[in-house]
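S.K.: I would like to see how this sequence folds:
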Amino acid sequence: MTPLDYEFLRKLLKDRSGLDLSADKQYLVESRLLPLARRANLAGIPELVQKLRSGGDQLTTQVVEAMTTNETFFFRDKIPFDHLRDYVLPALIQARASRRSLRIWSAACSTGQEPYSIAMGLREYGAALAGWRIEIVATDLSQEVLEKSKAGLYSQFEVQRGLPIQLLVKYFTQLGELWQLSADIRGMVQHRQLNLLQDFSHLGKFDVIFCRNVLIYFDQETKSAIFERMSKMLEADGTLFLGAAESVVGITDAFRPNQERRGLYQINPVRSPRGGAALLPGLKVVAAR
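M.R.: Next up, the predicted model:
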């Protein structure tokens, strides 16, 4: 792969997916794309690039999907789901008592472990949410992983990563070497293909947004733009969940971090044109100077 080939692929991936590869990631590109080139009956990466330069949306989509990281597992990092159960949901149940509905967005949901973890957590909440209208919207750039998520079929290895045994027994049925998630839990999740670089205002407003472990692959400008648009999608008292290695600090003032619960963020009422939002307990807002 020549330097010009690599620069072409870097630009293609950034334009199509937001993935911002550094100059030393040639080995990653080769390891991910060489098998794709061979499946397309191409000799190597230079021939793949030549094919991409001549056009071909299907091949471009395959390249983007091959380079997109799909690492995920049930109840990943555990603590965010504990915060959702113990802190965020009680406040929202009280605040939404009159309308009895909740909307949650799992952005970059991959093969579904995150939105299904949320769904199982809500089912486990019991009588407090009985009769409520719950919408969980799961989106991803890749149609391939969305199809796997819709099927709700997971290997023994996948269900052993993070999934408590009691939930496996309660919500899954073994089918040969695979485990099938119950139709009830699958039915709680709506799947939609979505590129975070494009407009997503059509999804509507949400009470909770999970956007974990995806923006770390984007540059600062792209992160800022996505945060800005997400801030318009989140209810004034809603909560944004980011990954443990992610933060809004130094990127946007649309959100403020919760000082007591790492990884949780809320609309910045000092900056928000909507005025002073009701704050969840423990959120400390520092006045702008």
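S.K.: rest of the way, CA atoms for contacts and neighbours
M.R.: Noted.
S.K.: Of all the residues in the lowest-mean-pLDDT helix or strand in the chain, which ones are buried?
M.R.: Least confident helix or strand of the chain, by mean pLDDT, DSSP states H and E, is helix 57-67 with a mean of 84. Going by neighbour count (16 or more other CA atoms under 10 Å), the buried part of helix 57-67 is Leu59, Thr60, Thr61, Val63, Val64, Glu65, Ala66, Met67.
S.K.: Repeat that for stretch 97-111.
M.R.: Neighbour-count burial for stretch 97-111, counted by 16+ other CA under 10 Å, picks out Arg100, Ser101, Leu102, Arg103, Ile104, Trp105, Ser106, Ala107, Ala108, Cys109, Ser110, Thr111.
S.K.: contacts for the strand or helix carrying Val29?
M.R.: Val29 belongs to helix 26-39 when assigned by DSSP states H and E. Applying CA atoms under 8 Å, 6 or more residues apart in numbering, the contact partners of helix 26-39 are Tyr6, Ala43, Gly44, Ile45, Glu47, Leu48, Gln62, Val63, Ala66, Met67.
S.K.: Pull out the buried positions in stretch 180-196.
M.R.: Buried positions in stretch 180-196, judged by neighbour count with 16+ other CA under 10 Å: Gln180, Leu181, Ile185, Arg186, Met188, Val189, His191, Arg192, Leu194, Asn195, Leu196.
S.K.: Setting aside sequence neighbours, what's the nearest residue to the third one?
M.R.: In this case it means Ile185. Ala119 (6.2 Å; CA to CA, 6 or more residues apart in numbering).
S.K.: Could you tell me how many residues sit around Met230?
M.R.: 21 (other CA atoms under 10 Å).
S.K.: can you put the buried residues of helix 57-67 in CSV and add distance to Asp219?
M.R.: Listed next are the buried residues of helix 57-67 as CSV, based on distance: CA to CA, whole Å:
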residue, distance to Asp219
Leu59, 25
Thr60, 21
Thr61, 21
Val63, 20
Val64, 17
Glu65, 19
Ala66, 20
Met67, 16
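S.K.: Okay then, goodbye and thanks.
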